[in-house]
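>>> Quick one, fold the following:
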Amino acid sequence: VPKNPLTKMMKGMFNDETTADVCFEICSAEGKDDDDGTKRAKTSTSFYAHRSILRGCAPMLAALFDVEDTGPMISAQIS
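Below is the predicted model of the structure:
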């Protein structure tokens, strides 16, 4: 029985900016004080995903995106 290539394909698409059609931008709280009283700069990290996979595997994350939005890349900002 030949190996199913789906797992390898899915791993190759994981967080791949060139093939993704959605982006989650996770932002730190801006201006939050550290323990010593200094303010931290706002930082962000982006995670790239695919709408079709989110709809099937993570419907709550897929719900963050507008169903009507059909652009090449849509994003959700999460703080």
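
>>> Next, work out how far apart Val22 and Pro59 are.
Per C-beta to C-beta, to the nearest Å, Val22 is found 13 Å from Pro59. Every residue, glycine included, has its C-beta placed from N, CA and C.

>>> neighbour-wise, which of the two wins?
Neighbour comparison, Val22 and Pro59: the larger count goes to Val22, with 20 against 9 (by other C-beta atoms under 10 Å).

>>> May I ask you to confirm that the more buried one is in contact with Phe65?
Yes: under the criterion of C-beta atoms under 8 Å, Val22 makes contact with Phe65 at 5.8 Å.

>>> residue ranges for the strands of the chain, please.
22-27, 44-49, 74-78 (DSSP state E).

>>> of all those strands, which lies closest to Lys11?
Of all these, strand 44-49 sits nearest to Lys11, with 13.6 Å by C-beta to C-beta.

>>> Name every strand pairing with the closest one and say which way it goes.
Partners of strand 44-49 in the sheet, by DSSP bridges, are strand 22-27 (antiparallel).
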